[in-house]
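>>> here is the input, now give the coordinates:
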Amino acid sequence: MQLPLQINVHGLPHSEALEARVREHAAKLEEFHSRIVSCRVTVEESRKRRGKGRHFQVRVDVRIPGKEIVASHDHDEDVYVAVRDAFQAVRRQLEDAVREMRGDTKSHEARPGSTTREEQS
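Presented below is the predicted three-dimensional model:
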């Protein structure tokens, strides 16, 4: 990455294992888009659900030239699942951005012989 990864953890104690997992997922994003400018990850334990177990929120903000991609995921009980799912959502959005850049997205053109609503009016 051109800029360093920023990891923010709120509401739970610092964990080297959690930070390492976030770094692994962030490093893998470069496989999907080589021009990532920055990546900011926020991991938070929500205090709203007292008495109902632990609840985690993970937000991943990735900047690529001309676009910001944001994904978040909530999960009860397992912060690592929330991290994995948030990064999977970012990965899918990066793949979509790459397809758009390459022009690989499908356009919805009218088939020969079919009429559009404008033509029917």
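
>>> list the residues that contact the residue lying closest to Asp85 once chain neighbours are set aside.
Excluding its sequence neighbours, the residue lying closest to Asp85 (Cβ to Cβ, 6 or more residues apart in numbering) is His73, at 4.1 Å. Where C-beta positions appear, they are placed from N, C-alpha and C, glycine not excepted. When contacts are counted by Cβ atoms under 8 Å, 6 or more residues apart in numbering, His73 touches 57-58, 82, 85-86, 89.

>>> could you measure from His10 over to Phe56?
10 Å (Cβ to Cβ, to the nearest Å).

>>> just want the most central residue of the chain.
Central residue of the chain (Cα atoms, centre = their mean): Val90, 2.2 Å from the mean position.

>>> make sure that one is actually in contact with Lys67.
No: look at Val90 against Lys67 with Cβ atoms under 8 Å: they stay out of range, at 11.9 Å.

>>> that older thread, look at the residue nearest to Asp85 and give its secondary structure.
strand (DSSP: H, G, I helix; E, B strand; the rest coil).

>>> relative to Arg99, how far out is it?
Going from His73 to Arg99 by Cβ to Cβ gives 22 Å.

>>> and Val81, by the same measure?
For Val81 relative to Arg99 (Cβ to Cβ), the value is 27 Å.

>>> thanks a lot, catch you later.
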